[in-house]
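*Asks:* with the input below, show me the fold.
(one chain, ligands or ions: 1)
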Amino acid sequence: MGSFMSRRYNAFSAYMKNRFGSPVYKVIVDAGFTCPNRDGTIGSSGCIYCNNESFRPNSCNPALTVGEQIKRGIGFIKRRYKSDKFLAYFQPYTNTYAPLDELERLYKEALANPHVIGLAIGTRPDMVDDQKIGLIQSLAEKYFVLVEYGMQSIYDKTLQFINRGHDYRTFLSALEMTKNRDILIGVHIILGFPTETREEMLAMAEELSNLPVNFLKIHHLQIIKDTPLAVLYREDPFPMFSYDEYIDFVTEFLERLSSRIVLQRLFAASPGNVLIAPQWEKSGQEAIRDIERRLASKDTWQGKQQKIHSAQ
Ligand code: SF4
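*Replies:* Here you go, the predicted structure:
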């Protein structure tokens, strides 16, 4: 196991603490962006699992300015944790989906707070271009700037099933545009789609290991109320991971994933009032504890079984 990993996997919290000397927390910002897969530009019904409305913290209100949301968000976090370093996380919907000057104004407004050390910008791979990446690069020269691309899967059959509105090649083009700059690249994937076999899901770890990806968020598939997937699941339920199967699967996935990729998330923890399935009733903390225990009992760790060494 590499000595740089404080746990058996390369965890985001430890990475940030090492890099900045103290914990760094994310403050979610809703800058009022929309999504081209909802407003009719690419599609109107959205990704089949998406219900962005369900996850918005109270401090995050698009009626407030970005600066005010950050101030309130920091105040809220500071009541629970000691920290004076924060990342402004532009999370809901598609946070590069606006004209260039508008993006510049919003990102700079976030960075104007003296406690904000950088940005995390969640977006779709089909919503960046050279100019937007150029703007983000100019900020990344001075700040920690992470662009998080929703990839979800490397399989076009899955991207079609979930109505993503883009294919895997589009994701690879966005990576090409973003790599070899100061910008850090994050990726979101979802594990457990009924369109993929266990082996296909595991193969994603090997594929990601060979891409210029710095950070990864893994979610298990969840069926959320008021989504097209909820309708589909009610009409034709498909098998989902049990909790124990998922814990075991994640450990195998991590074994095949390059140890240089920093894990931001390994588990989705949607609120019970919006969650239809799976009903595991486990917190994120419990899941992390069980994943770490499983890694220890198997005496394994991230990257142990990596077949293809990173091209990075
Ligand atoms: S998951 Fe993201 S891209 Fe898909 S519909 Fe929701 S906001 Fe849009």
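*Asks:* what about Glu200, helix or strand, and which?
*Replies:* Under DSSP states H and E, the secondary-structure element containing Glu200 is helix 198-209.
*Asks:* buried ones in that helix?
*Replies:* Buried residues in helix 198-209, counted by 16 or more other Cβ atoms under 10 Å: 201-202, 204-206, 208-209. In short, each C-beta sits where N, CA and C put it, glycine included.
*Asks:* who in the stretch 101-250 of the chain is up against the ligand?
*Replies:* Contact residues (Cβ under 6 Å from any ligand atom) of the stretch 101-250 of the chain with the ligand: 124, 150.
*Asks:* in the stretch 101-250 of the chain, what residue is nearest the ligand?
*Replies:* The ligand sits closest to Arg124 of the stretch 101-250 of the chain, with a gap of 5.1 Å, by Cβ to the nearest ligand atom.
*Asks:* wait, that residue sits on His166?
*Replies:* Yes. In this structure Arg124 lies within contact range of His166 using Cβ atoms under 8 Å: 6.6 Å.
*Asks:* those two: who's more crowded?
*Replies:* With neighbours defined as other Cβ atoms under 10 Å, Arg124 and His166 compare such that Arg124 has more, 25 against 21.
*Asks:* how about the more buried one: what's its closest non-neighbour residue?
*Replies:* Distances taken as Cβ to Cβ, 6 or more residues apart in numbering place Thr94 nearest to Arg124, at 5.2 Å, with adjacent residues excluded.
*Asks:* what do you get for Met16?
*Replies:* Among residues not flanking Met16 along the chain, Val24 sits closest, at 4.1 Å (Cβ to Cβ, 6+ apart).
*Asks:* the one you found: neighbour count?
*Replies:* Using other Cβ under 10 Å, Val24 has 20 other residues around it.
*Asks:* pretty sure it contacts Ser83?
*Replies:* Yes. Judged on Cβ under 8 Å, Val24 makes contact with Ser83 at a distance of 7.1 Å.
*Asks:* and the helix or strand encompassing Val147, what does it pack against?
*Replies:* Following DSSP H and E, one finds Val147 within strand 144-152. Packing partners of strand 144-152 (3 or more Cβ pairs under 8 Å, 6 or more residues apart in numbering; DSSP states H and E): strand 116-123, helix 130-140, helix 168-178, strand 184-191, strand 215-220.
*Asks:* compute the inter-axis angle for the third one and strand 144-152.
*Replies:* In terms of direction (axes from the mean of the first three to the mean of the last three Cα atoms, to 10 degrees), helix 168-178 departs from strand 144-152 by 170 degrees.
*Asks:* dump the residue contacts of the closest residue to Asp129 other than its chain neighbours.
*Replies:* Spatial nearest neighbour of Asp129, excluding adjacent residues (Cβ to Cβ, 6+ apart): Met177 at 7.7 Å. By Cβ atoms under 8 Å, 6 or more residues apart in numbering, the contact set of Met177 is 128-130, 133.
*Asks:* mind redoing it with 10 Å?
*Replies:* If you count contacts by Cβ atoms under 10 Å, 6 or more residues apart in numbering, Met177 has them with 125, 128-130, 132-134, 183.
*Asks:* which pLDDT value goes with it?
*Replies:* Here the pLDDT value assigned to Met177 is 98.
*Asks:* before we move on, what about Arg124?
*Replies:* Listed pLDDT for Arg124 reads 98.
*Asks:* do the one 10 residues further on as well
*Replies:* Model confidence at Gly134, given as pLDDT, is 98.
*Asks:* wait, it sits on Arg181?
*Replies:* Yes. Counting by Cβ atoms under 10 Å, Arg181 is a contact partner of Gly134 at 9.2 Å.
*Asks:* more neighbours: the two, which one.
*Replies:* Set Gly134 next to Arg181 and count neighbours by other Cβ under 10 Å: Arg181 wins out with 16 against 12.
*Asks:* identify the residues contacting that one.
*Replies:* Listed by Cβ under 10 Å, 6+ apart, the contact set of Arg181 reads 133-134, 136-137, 140-141, 145, 147.
*Asks:* buried ones among these?
*Replies:* If you count burial by 16+ other Cβ under 10 Å, the buried members of the contacts of Arg181 come out as 133, 136, 140, 145, 147.
*Asks:* what's the spacing between the first one and Lys142?
*Replies:* Same thing as Ile133. Separation of Ile133 from Lys142 (Cβ to Cβ, to the nearest Å): 16 Å.
*Asks:* list the buried residues of stretch 20-39.
*Replies:* For stretch 20-39, a neighbour-count test (16+ other Cβ under 10 Å) marks 24-31, 33, 35-38 as buried.
*Asks:* for the residues you listed, which one is nearest the ligand?
*Replies:* The ligand lies nearest to Cys35 out of the buried residues of stretch 20-39, by Cβ to the nearest ligand atom, at 3.3 Å.
*Asks:* ok but the closest one is inside a helix, no?
*Replies:* No. Counting by DSSP: H, G, I helix; E, B strand; the rest coil, Cys35 is not part of a helix but coil.
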